[in-house]
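Student: predicted model, plus sequence, below.
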Amino acid sequence: MSVQEQKAPVAKKVISEAVILMPRTFLMRSENQSATTKENHEDLYNTYVKSFNRISAKLDTVSRADADNSNDSEYRRLKLDEVHNMNGVKLHELYFTNVGDPKSEIRADSIPFMRLSRDWGTFDAWQLDFRACGMAAREGWAVCYFDPFKNQYFNCFVEQHTANVPVMGIPVLVVDTWHHAWFYDFPGDKMEYMNKSMREINWEVVEMRMMAAEMSKLNQVYAIQPVASIDKEKTVGFSPASSAPVAVLGDRK
């Protein structure tokens, strides 16, 4: 038997890490959006899902060798498109489920009213600022989010799907401000679109998101830091915000 015959063929091992998204079905009950606008929303949402799945599969096999050339890198292009489409899916799903409630109402004893009044002085001050975010956004989203770093609620606008995204911000309310969301039904009147969208917010959904965001205790992420013990062994633990940032070993206070 020859040496070549003695060698067993070695199959190439392919590690598949592709993440597959499954599109969801949403009941869009908004009275402010035409059937055409609702259909456009659904088509765009499904396009993001399909695009993400294709990109995720390509990332399994794309070469990482050109990653150091940020001027011409297929890996870089795919990674940018991966986040763009993933965020497009997330933002649409959040938007579809927190708007379109024709019977929308907010009670003064509800968590959203109390939290937003607390963090903004008054509920009206919050909603005027949120609407301003929607008006300031070019093509993107108005977002109210919980910031675990400060343990309070902020408003922001996200351009496209990836610009101006607050780090670790947990979105509790999202309104689409892309032109396709409002221009067909409110030609040239984005303000009216924002007003009517905010009058159809499903506050029960927002309240459940707020409860989940606050129970997540993500603020603990910022409290984790290396702590040096007296026996010079490094450990990791929670450090109170009031403690000095530099520990003095052997200090006998």
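Tutor: Great, that's in hand.

Student: going by C-alpha atoms from here, please, whenever you check contacts or count neighbours.
Tutor: Will do.

Student: dump stretch 23-43 to CSV, restricted to CA.
Tutor: Extracted as CSV, the C-alpha positions of stretch 23-43 are listed here (Å, rounded to 0.1, in the frame of the first residue of the first chain):
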residue,chain,number,x,y,z
PRO,A,23,-40.4,37.2,10.4
ARG,A,24,-43.3,37.8,12.7
THR,A,25,-46.9,38.8,11.9
PHE,A,26,-48.2,42.0,13.3
LEU,A,27,-51.8,43.4,13.6
MET,A,28,-51.6,47.0,12.5
ARG,A,29,-54.7,48.7,13.8
SER,A,30,-53.7,52.3,13.3
GLU,A,31,-56.4,54.6,12.0
ASN,A,32,-53.8,57.2,10.9
GLN,A,33,-52.0,55.0,8.3
SER,A,34,-53.4,54.0,5.0
ALA,A,35,-53.4,50.4,3.8
THR,A,36,-50.6,51.3,1.4
THR,A,37,-48.4,52.6,4.2
LYS,A,38,-49.1,49.5,6.3
GLU,A,39,-48.2,47.3,3.3
ASN,A,40,-45.0,49.3,2.7
HIS,A,41,-44.0,48.8,6.4
GLU,A,42,-44.6,45.0,6.2
ASP,A,43,-42.6,44.7,2.9
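
Student: from the chain's centroid, how far away is it?
Tutor: 21 Å (CA atoms, centre = their mean, to the nearest Å).

Student: pull the residues that contact that stretch.
Tutor: Stretch 23-43 has contacts (CA atoms under 8 Å, 6 or more residues apart in numbering) with 46, 49, 96-97, 99-102, 180-182, 184-185, 196-197, 200.

Student: between the residues you listed, which sits nearest residue 131?
Tutor: Proximity of the contacts of stretch 23-43 to residue 131, judged by CA to CA, is greatest for residue 197, which lies at 9.8 Å.

Student: give me the neighbour count for the closest one.
Tutor: Other residues lying near residue 197 total 23 when counted by other CA atoms under 10 Å.

Student: show the pLDDT at it.
Tutor: Note for residue 197: predicted pLDDT of 95.

Student: gap between it and residue 215?
Tutor: Residue 197 sits 28 Å away from residue 215, going by CA to CA, to the nearest Å.

Student: go on, residue 97?
Tutor: 21 Å.

Student: who's more crowded, the two?
Tutor: residue 97 (18 against 9).

Student: contacts only, for residue 147.
Tutor: Residue 147 neighbours (CA under 8 Å, 6+ apart): 153, 154, 168, 169, 170.

Student: narrow the residues you listed to those that are buried.
Tutor: By neighbour count, with 16 or more other CA atoms under 10 Å, the contacts of residue 147 hold 153, 154, 169, 170 as buried.

Student: distance of the third one from residue 114?
Tutor: Residue 169 sits 19 Å away from residue 114, going by CA to CA.

Student: what residues does the strand or helix carrying residue 127 touch?
Tutor: Residue 127 is part of helix 123-136 when elements are defined by DSSP states H and E. Around helix 123-136, the neighbours that count as contacts under CA under 8 Å, 6+ apart are 113, 116-117, 120, 141-144, 155-157, 175, 177, 190-191, 194-195.

Student: could you dump the following helix or strand past that helix to PDB, C-alpha only?
Tutor: Once the chain leaves helix 123-136, the next helix or strand it forms, by DSSP H and E, is strand 140-147. Extracted in PDB, the C-alpha atoms of strand 140-147 (Å, rounded to 0.1, in the frame of the first residue of the first chain):
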ATOM      1  CA  GLY A 140     -34.700  57.200  11.200                       C
ATOM      2  CA  TRP A 141     -36.500  56.800  14.500                       C
ATOM      3  CA  ALA A 142     -37.700  58.700  17.600                       C
ATOM      4  CA  VAL A 143     -36.800  56.600  20.700                       C
ATOM      5  CA  CYS A 144     -37.600  56.900  24.400                       C
ATOM      6  CA  TYR A 145     -35.100  54.600  26.200                       C
ATOM      7  CA  PHE A 146     -34.200  53.600  29.700                       C
ATOM      8  CA  ASP A 147     -30.500  54.300  30.500                       C
END
